[in-house]
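A.B. asks: Build me a structure from this.
(2 chains)
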Amino acid sequence: MMKIYETIADMIDDHILVCDSNGQIVFSNKPVQSYLGYDALELEQKKFLDYIADIHINKAQSAISSVSDIPSSWDEFLLKGKHGVFKLHFKFVKKDNLIYIYGNEKYIEFERIKKKLDVEITNAIKIHKRSLPMSLPDNENISFASLYIPAEDLGGDIFDAFKVDNGLLNDFFEQYVCFIADVSGHGLDSAMLAIFIKDTIGSFFRLKHTPGQLLSPKEIMDFFIEHYLKEGYPEEYLVCLLMAVIDLKTNELTYCNAGLHISPLLIKDKENITELGNANLPISTAIGAQLLKYEDSTAHFSPGMTLLIMSDGLPEQMSHNEFYEGRLKKLVAEIHQLNPAQMVNKIHEDFIDFLSYEKTRDDITLVAVKLL
Amino acid sequence: MQKILTGILEAIEDEIKAQQHYQKLADHAEDPMVKKFFEQMRTDEEEHERILRTRYEGFAKMLKANKEK
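C.D. replies: Below is the predicted model:
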């Protein structure tokens, strides 16, 4: 039986030393032997403390003297090997009057990387959350509201709506920009890409747009694509981006859609709900730049009308083998007269009811805007 | 409002004149550095002209919408 245990101990990656109650080594497995450069007989001639470098001798003594039947936490020790000094992480546990000293450097490395990754993900969540708008425009002429539910801690959707600053010409122009972007995946990279989208659109308004200049979503889209291609994102990334400009002076909605295949809904009343099509291709470096050409489309958008823009997460969520899309459209027709905040609340409640405790499969992003 | 549109059109004309002026200077410049400088000035004026033109379109659109109301 003892032989079987020894064989198992030699087959695993862990470093194992077993000492008697005096600290005399009575067993060592193959990985620890090859790590230190001694064979089993050589190791068993000495005590565990004889192999510890002077700098850690006190720490090792204390670990041996305080050993109990509850495994200790990880600790780092310098060991004197045949060909130099080596670092190992060990845990100590006492069983049947023997002291088991064991460690696994791969596990320690895994723990270190996991810890680092956890910190990075926490930071990315914070950055992504900060990139989402704190509030949306809501005044006597126009009202925005949004619903955002990330599928996992870290989302891959981003959206924003803001009034265009036309400087001294603000009396003449009242325009709002609204966009929704859906990035493939939900991980760290997707969140970073979502932040890049927001930054790039922001830089269009800092660098390219001058007060009063005719605002075209297509032009913003082209600016974004130019920067996206310049960044050289990997081919497997896909960005679906819908840019909309709402002009309150002309009552015109201009939009440009790169791949957001869920059509925005323009709602006049129960019988007049228009799906704004023209989704085109999503943006990706896998698609030739010559194909990434998008055009503006326009629609009349006057007071009383509501525009709903959403990523595919909401309508394509499934529950009981059914998509949410059909139920959403029916609901929208019933509640179109509500203000955007009320509308979004109703949709949220209905969606949670639809889910029946199922987990959301994709990020849920919805923006509702109504002219008042 | 028409005055604004006329003003922008005049500004566009000025930009075109400035472009022609800088191009002339670039054509006559012998020093390549000076030539490049005037060509850059001309490009800047072209960008000003582009901005003015889209601003003109913005105002024209607004004016048209107001008339239709």
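
A.B. asks: low-confidence ranges in the stretch 101-250 of chain A?
C.D. replies: Along the stretch 101-250 of chain A, the parts satisfying pLDDT under 70 run over A:153, A:185-186.

A.B. asks: What helix or strand is residue 41 located in?
C.D. replies: Going with chain A. Element membership for A:L41, per DSSP states H and E: helix A:40-43.

A.B. asks: wrong one, chain B
C.D. replies: helix B:32-68.

A.B. asks: give the contact list for the residue nearest to the spatial centre of chain B.
C.D. replies: Most central in chain B under C-alpha atoms, centre = their mean is B:E49, positioned 2.2 Å from the mean C-alpha point. Applying C-beta atoms under 8 Å, 6 or more residues apart in numbering or on different chains to B:E49 gives the contacts B:12, B:15-16, B:19. For glycine as for every other residue, the C-beta is placed from the backbone atoms N, C-alpha and C.

A.B. asks: Mind putting those residues into CSV with neighbour count and secondary structure?
C.D. replies: Formatted as CSV, the entries for these read as follows, by neighbours: other C-beta atoms under 10 Å in any protein chain shown; DSSP: H, G, I helix; E, B strand; the rest coil:
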residue, neighbour count, secondary structure
B:I12, 18, helix
B:E15, 20, helix
B:I16, 13, helix
B:Q19, 18, helix
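
A.B. asks: burial measure for residue 34, as a count.
C.D. replies: Going with chain A. Per other C-beta atoms under 10 Å in any protein chain shown, the neighbour tally for A:S34 reads 12.

A.B. asks: Chain B is the one I meant
C.D. replies: The burial metric for B:V34, expressed as a neighbour count using other C-beta under 10 Å, is 13.

A.B. asks: Longest helix of chain A, counting residues only.
C.D. replies: The helix spanning the most residues in chain A, taking DSSP state H as the definition, is helix A:105-131.

A.B. asks: how about it: buried residues?
C.D. replies: By neighbour count with 16 or more other C-beta atoms under 10 Å in any protein chain shown, helix A:105-131 contains the buried residues A:105, A:121, A:124-125, A:128, A:131.

A.B. asks: tell me which of those is nearest to chain B?
C.D. replies: Set against chain B, the nearest of these by C-beta to the nearest C-beta is A:S131 (28.8 Å).

A.B. asks: So that closest one sits against A:G156, correct?
C.D. replies: No. Counting by C-beta atoms under 8 Å, A:G156 is not a contact partner of A:S131; they are 11.8 Å apart.

A.B. asks: Mutual contacts of those two, please.
C.D. replies: Residues touching both A:S131 and A:G156 (C-beta under 8 Å, 6+ apart): A:A194.

A.B. asks: Can you list the helices and strands that the helix or strand containing A:V344 packs against?
C.D. replies: Element membership for A:V344, per DSSP H and E: helix A:340-355. Contacts defined by 3 or more C-beta pairs under 8 Å, 6 or more residues apart in numbering or on different chains; DSSP states H and E place helix A:340-355 against strand A:142-149, helix A:325-335, strand A:364-371.

A.B. asks: Compute the number of surrounding residues for A:F173.
C.D. replies: For A:F173, the tally of surrounding residues (other C-beta under 10 Å) stands at 24.

A.B. asks: List phi and psi for it.
C.D. replies: Main-chain torsions, A:F173, degrees, to the nearest 10: phi -120, psi 140.
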